[in-house]
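Chemist: Give the three-dimensional model of this entry:
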Amino acid sequence: MAALTMGLAEAKNNFSKVTAEVNRTGRPVTVLKNNKPWVVIQPASATSNTVDVAVDFMDEYSSVFAELAK
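Modeler: The predicted structure is shown next:
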């Protein structure tokens, strides 16, 4: 599956359609500015899953972090 990319102007002009398609398919879109990756539009569920994993990791190793903070 090829990565989806588009220019900033195209993303701006079609923002509603782009976000709807990202949400429908679950495939992120990389927005380019001056032909370089600038931001990624992805479903919120993908972001929250990443945060959940980080929080679980921090909870599991909280005693280690507390010791390192001394």
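Chemist: Next, residue 6: secondary structure please.
Modeler: Under DSSP: H, G, I helix; E, B strand; the rest coil, residue 6 falls in the strand class.
Chemist: what do you get for residue 10?
Modeler: Classification of residue 10 by three-state DSSP places it in helix.
Chemist: Residue 32 too?
Modeler: strand.
Chemist: Show me what it is bridged to.
Modeler: For residue 32, the beta-bridge partners are residue 7, residue 37 (DSSP bridges).
Chemist: Please look at it and residue 41 and confirm they touch.
Modeler: No. Contact criterion CB atoms under 8 Å: residue 32 and residue 41 do not qualify, at 11.9 Å. All C-beta spots, glycine's among them, are computed from the backbone N, C-alpha and C.
Chemist: wait, residue 23 sits on residue 41?
Modeler: No. Using CB under 8 Å, residue 23 makes no contact with residue 41, being 9.5 Å away.
Chemist: which residues touch the closest residue to residue 27 other than its chain neighbours?
Modeler: Excluding its sequence neighbours, the residue lying closest to residue 27 (CB to CB, 6 or more residues apart in numbering) is residue 4, at 5.9 Å. Neighbouring residues of residue 4 by CB atoms under 8 Å, 6 or more residues apart in numbering: 27-30.
Chemist: Just the pLDDT at residue 4, thanks.
Modeler: Here, the pLDDT recorded for residue 4 equals 92.
Chemist: ok, it to residue 24 distance?
Modeler: 13 Å (CB to CB, to the nearest Å).
Chemist: contact partners of the helix or strand where residue 65 lies?
Modeler: In the assignment (DSSP states H and E), residue 65 maps to helix 62-68. With contacts defined as CB under 8 Å, 6+ apart, helix 62-68 is touched by residue 58.
Chemist: could you give the mean pLDDT of it?
Modeler: 83.
Chemist: do the same with stretch 34-41
Modeler: On average, stretch 34-41 scores 95.
Chemist: begin at 59 from here
Modeler: Got it, first residue is 59 now, which makes that one stretch 92-99.
Chemist: For that stretch, list every residue counted as buried.
Modeler: Within stretch 92-99, the residues that count as buried by 16 or more other CB atoms under 10 Å are residue 99.
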